[in-house]
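Asker: Just the structure for this:
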Amino acid sequence: MSSVIAATRLSVLDRSRTREGHDGPAALRDTVRLAQELEALGYHRFWVSEHHGVPGVAGSAPTVLAAAVAAATSTIRVGTGGVMLPNHQPLVVAEQFGVLESLFPGRIDMGLGRSVGFTDGIRRALGRDKKDADDFAAQLHELLGWFAGGQRAHPQVHARPAEGLRVPPYVLATGEGAAIAARAGLPLVIGDLRGRKKLLDAVEGYRSGFEPSEWSARPYVVVAGTVAVAATEEDARRLLVPEAWSMAYSRTHGVFPPLLPPERIEALTMTDRERGFYLAGLEGHIAGTEEQVADALETVIKDTGADEVLVTTSTYDRDALLGSFRRLARVADLPGAVPARPTAA
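Answerer: So this is what the prediction gives:
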């Protein structure tokens with residue numbers, strides 16, 4: 001067992017992906033059930049995401065879903081990966097997390113992103129524009145100020161019940177977003193697990209520019225990406241197939257379809273453009289046997305100096321997905337991991 005991996009926190013982000021034959025409500029219930037299962041395995045935290053109007057993704061209201069997850073669990077940390085701050089008024093976000101922290105004290109994380117709705121129609125429905133992402137640093141400053149006790153611009157307003165509470169903030173970002181996290185003295189969540197030069201440069205820039213704050217005395221890096229673990233390398237790779245096709249289809253048709261079984265996808269006749277995106281979607285992730293994944297994870301952690309790894313795996317077969325997380329728990333020597341069965345002589 002790698003001491004490097006065992007010393008690194010391991011967490012999960014779930015996007016409530018729909019599957020063929022299972023609708024959005026079923027996907028949300030699956031998310032809550034997955035959180036319970038991962039808590040039993042000993043994962044550190046469980047986050048949910050924000051996607052508005054995206055076919056194939058049921059997670060549109062992360063603070064609401066986080067409340068359901070926290071109510072169904074008792075020890076695992078629960079949060080958002082993330083609330084997209086440009087889509088919301090900072091006061092409202094502070095109030096929502098204040099309620100969450102009040103109901104589930106000491107277990108709530110406030111993961112914050114800087115993206116806006118992904119199509120013009122969604123942005124119009126949200127009353128937002130692409131340029132709103134440019135105001136992320138100011139929005140972040142305002143949000144944290146509500147926890148500290150109000151704003152100069154609104155001296156008579158107080159965020160109830162957030163004021164005075166401590167809800168750990170995390171910034172989900174790359175590039176300029178990483179620099180914003182550094183200047184604000186906040187932990188950084190950055191993808192992906194491939195350890196490419198761009199990722200390493202962003203992490204190095206974040207650490208070198210980090211300014212200690214009341215929220216964090218030192219840089220804290222969470223590296224996020226897809227990890228798939230199975231009995232064989234081929235089985236692990238097939239776990240990636242449904243999401244790879246969904247991404248390829250979205251790039252060529254503008255719609256995320258529900259996740260399909262791998263055998264259905266492998267039998268499709270794809271256009272050259274579809275196949276190009278599909279094959280690209282299968283690459284650059286960590287996938288393989290427990291031994292192969294252990295080696296790859298150890299390399300990523302050493303290269304990036306990550307304090308934590310956040311896994312974002314999606315696939316069609318829910319039992320296979322849970323099996324992957326169980327194997328990953330063994331790789332990381334988590335307290336609830338079930339030992340592997342001995343191989344027959």
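
Asker: in the stretch 51-200 of the chain, which spans are strands?
Answerer: 77-80, 83-84, 108-113, 169-172, 188-191 (DSSP state E, counting those that start in this stretch).

Asker: Just the residues contacting the last one, thanks.
Answerer: For strand 188-191, contacts defined as CB atoms under 8 Å, 6 or more residues apart in numbering pick out 81-82, 111, 170-174, 178, 181-182, 199, 202-203, 206, 219-225, 310, 312. Where C-beta positions appear, they are placed from N, C-alpha and C, glycine not excepted.

Asker: Using CSV, write down the CA coordinates of that strand.
Answerer: The C-alpha trace of strand 188-191 is given here as CSV (Å, rounded to 0.1, in the frame of the first residue of the first chain):
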residue,chain,number,x,y,z
LEU,A,188,-8.0,25.5,-4.7
VAL,A,189,-9.8,22.7,-6.6
ILE,A,190,-8.3,22.1,-10.0
GLY,A,191,-8.7,19.4,-12.6
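
Asker: starting at the chain centroid, how far to stretch 220-231?
Answerer: Stretch 220-231 sits 10 Å away from the centroid of its parent chain (CA atoms, centre = their mean, to the nearest Å).

Asker: Repeat that for stretch 240-258.
Answerer: 18 Å.

Asker: Name the residues of that stretch that are buried.
Answerer: 240-250, 256, 258 (16 or more other CB atoms under 10 Å).

Asker: follow-up on the earlier one: dump the strands of the stretch 51-200 of the chain into a markdown table; add distance to residue 68 and mean neighbour count as well.
Answerer: Listed next are the strands of the stretch 51-200 of the chain as a markdown table, based on distance: least, CB to CB, whole Å; neighbours: other CB atoms under 10 Å:
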| stretch | distance to residue 68 | mean neighbour count |
| --- | --- | --- |
| strand 77-80 | 9 | 25 |
| strand 83-84 | 16 | 25 |
| strand 108-113 | 13 | 26 |
| strand 169-172 | 20 | 26 |
| strand 188-191 | 22 | 24 |
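
Asker: Throw those into a markdown table and include mean pLDDT and distance to residue 15, thanks.
Answerer: A markdown table is the format used below for the strands of the stretch 51-200 of the chain (pLDDT from 0 to 100; distance: least, CB to CB, whole Å):
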| stretch | mean pLDDT | distance to residue 15 |
| --- | --- | --- |
| strand 77-80 | 97 | 12 |
| strand 83-84 | 91 | 13 |
| strand 108-113 | 96 | 13 |
| strand 169-172 | 96 | 13 |
| strand 188-191 | 93 | 13 |
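
Asker: Noted, bye for now.
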